[in-house]
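Q: Could you look at this predicted model? Sequence included:
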Amino acid sequence: MTTSEATTLHFTARRPGVPPLSVTLVGSDALIRVRHELDLGLTRLKDELPSLAVEDDKDLDRVFQCLHGLGRTLLFILFGARQTVLKDLQTFWRQAVPFARNPTLPPPLVECVGPKDSFLPLEFLPLSGIAPGPPVENREAFITACGTLVGFSCVVRRAMLPAPVRGGTGATTLRTGPQGRLPARYLYYEHLDGAMAELAWFTGAAHAHVDLEGPYPHAADGGPTLAEQIFDPRLLLDGERRALPDQLQHFACHCYTRSDDPLAAEIELSGAGHHSRTTLRTLGADLVALGVSHDERDFELPLVTMNACGSGRMRAQDAPSFPYLFLMNGNRGFIGTETEIPDDVAAAFSQALYERFLIRRLPLGRALLESRRHLLHTLANPLGLSYAAYADPDLHIRPAPEEQPHDPARADHH
């Protein structure tokens, strides 16, 4: 809650017997400063990673100290060095989610509510263990130590104000078409190795599960614009419409942000000799024009995933500009990164997420958490923490009728 005098964070728990906690931040601009520090800290973290995988145990403690040190710095910007406040915060967290770090139990759900311009980077806060602990000497200790951060121990749902919370019939289910394949659309920057690796996975290993439209841009002239595809996910690139709209739109591209003007943030796409850089200002204006010139949409809009590949282009303090655009358009959810992600990490995380969500059909929140943990366990790479979900964690794929489990008893009855 922000007033002209101060900003206060309110923590409440559904667990019985845990009293709520309210903490006034240090300075009215603390949430702005904390996102600036997040950007600097993520840049340092990427520099500390020797490659996609951290192979040498000698590197593990350095990587963890950089990650945990970032979390402690964020806490300092938010709350200062006020000992009582920090202890109260850690006590609240341990009482509210006492089993968060137990891998044998379902992870707790935490909802983080805030406006676009001052969003709390909850996933990076080490609320289960603010003190860094002993040096990390091996992979197992590294994984355990990373569990002190919220994003590695909890399913986090971000609810962005004032974007409407999606609800009602069908809001938490993605529908499949013939042969149980999910209608999806792929938009990319073809000169990124990670984008091409993701496309190869969609058209290869995931082909039986995904009815893919794209990639876009494509070779043919004409066809729907980027804004038209976002506004009406039924549109095919050849100008036709499919009966079941896109249930997923996946961007693997460059994203650019400018702190002095969030509407100047850009999406850069390239393919088949076509290239475009579109600002959020232009996209928003086009969506407004489409909205007033068309009938009200009577179908659910897709989940959007934006994998910001590359380096030196997107800053954490402006990253919420992208989900804001899609949530205000009415999309069912948005998954994106807090900063640009190296190509190889983006491709690895994308595959891990979609293997769990599209193929194994886990609910979205659990699939995202397990994908972060997958990169942590297999590569000792903590950058999966950079992926944030503005979506209902129960969002899942509903099987088509032909995919429903066969019930012999019912068949015999009929």
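A: Happy to help now that I have it. Every value quoted in this text rests on a predicted model; they were computed, and no experiment measured them. Residues are numbered from 1 along each chain as shown.

Q: Verify the contact between Met314 and Tyr256 for me.
A: Yes - counting by Cβ atoms under 8 Å, Tyr256 is a contact partner of Met314 at 6.5 Å. Glycine gets a C-beta too; all of them are placed from N, C-alpha and C.

Q: list the residues that contact both of the two?
A: Common neighbours of Met314 and Tyr256, using Cβ atoms under 8 Å, 6 or more residues apart in numbering, are Ala265.

Q: more neighbours, those two?
A: Met314 (26 against 19; other Cβ atoms under 10 Å).

Q: Strands of this protein, residue ranges please.
A: Per DSSP state E, the chain carries strands over the ranges 8-11, 21-24, 109-115, 155-161, 173-175, 182-188, 210-216, 248-256, 266-271, 274-279, 301-308, 331-337, 387-391, 396-398.

Q: Please put the alpha-carbon coordinates of the third one into PDB.
A: Included here for strand 109-115 are C-alpha records, laid out as PDB according to Å, rounded to 0.1, in the frame of the first residue of the first chain:
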ATOM      1  CA  LEU A 109       1.400 -21.100  -3.000                       C
ATOM      2  CA  VAL A 110       2.400 -17.500  -2.500                       C
ATOM      3  CA  GLU A 111       0.600 -14.600  -4.200                       C
ATOM      4  CA  CYS A 112       2.400 -11.400  -4.700                       C
ATOM      5  CA  VAL A 113       0.100  -8.400  -5.400                       C
ATOM      6  CA  GLY A 114       1.300  -5.100  -6.600                       C
ATOM      7  CA  PRO A 115       1.200  -2.400  -9.300                       C
END
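
Q: Domain ranges for the protein, per the record?
A: Using automatic domain parsing, the domain parsing of the chain gives 8-161, 173-399.

Q: now, of the ones you listed, which is deepest in the fold?
A: Compared across those, domain 173-399 shows the largest average neighbour count, a mean of 19 (mean count of other Cβ atoms under 10 Å).

Q: same question for that domain, mean pLDDT?
A: For domain 173-399, mean pLDDT is 91.

Q: any idea how far Leu9 is from Pro393?
A: Distance, Leu9 to Pro393, by Cβ to Cβ, to the nearest Å: 21 Å.

Q: sorry, that was for Phe357
A: 11 Å.

Q: joint contacts of these two?
A: Common neighbours of Phe357 and Pro393 (Cβ under 8 Å, 6+ apart) are Leu364.

Q: Glu48: what's its closest spatial neighbour, skipping adjacent residues?
A: Once flanking residues are discounted, Glu48 sits nearest to Cys66: 4.7 Å by Cβ to Cβ, 6 or more residues apart in numbering.

Q: Quick check: that neighbour vs Leu42, distance?
A: 10 Å.

Q: what do you get for Ala265?
A: Taking Cβ to Cβ, one finds Ala265 at 17 Å from Leu42.

Q: Which helix runs longest in this structure?
A: Using DSSP state H to define each element, the chain has its longest helix at helix 57-79.

Q: That helix packs against which elements?
A: helix 30-48, helix 83-96, helix 139-146 (3 or more Cβ pairs under 8 Å, 6 or more residues apart in numbering; DSSP states H and E).

Q: Comparing the ones you listed by mean pLDDT, which bottoms out?
A: helix 30-48 (a mean of 91).

Q: Just want the angle from it to strand 109-115.
A: Orientation note: helix 30-48 sits at an angle of 120 degrees relative to strand 109-115 (axes from the mean of the first three to the mean of the last three Cα atoms, to 10 degrees).

Q: Residues contacting helix 30-48, please?
A: 7, 25, 27, 59, 62-63, 66-67, 69-70, 73-74, 77-78, 114, 117-121, 124, 315-317, 338-339, 342, 382-383, 386.

Q: and that helix, how far from the chain's centre?
A: Centroid displacement of helix 30-48 relative to its chain, using Cα atoms, centre = their mean, to the nearest Å, is 17 Å.

Q: Same question for stretch 136-148.
A: The answer for stretch 136-148 is 23 Å, by Cα atoms, centre = their mean.

Q: And for stretch 302-316?
A: With Cα atoms, centre = their mean, you get 9 Å for stretch 302-316.

Q: Just the terminal-to-terminal distance for it.
A: With Cα to Cα, to the nearest Å as the measure, stretch 302-316 spans 24 Å from end to end.

Q: Check Glu403 and give its pLDDT.
A: Glu403 is given a pLDDT of 48.

Q: for Val113, that is, sorry about that
A: At Val113, pLDDT is 90.

Q: Leaving out the residues flanking it, which one is nearest to it?
A: That would be Ala159: by Cβ to Cβ, 6+ apart, it lies 4.5 Å from Val113.

Q: what do you get for Arg158?
A: Per Cβ to Cβ, 6+ apart, closest to Arg158 is Tyr390, 4.7 Å.

Q: Name the residues linked to the one you found by a beta bridge.
A: Under the criterion DSSP bridges, Tyr390 forms beta bridges with Phe334.

Q: Verify the contact between it and Leu327 for me.
A: Yes - the pair Tyr390 / Leu327 is scored as a contact, 6.1 Å apart, by Cβ under 8 Å.
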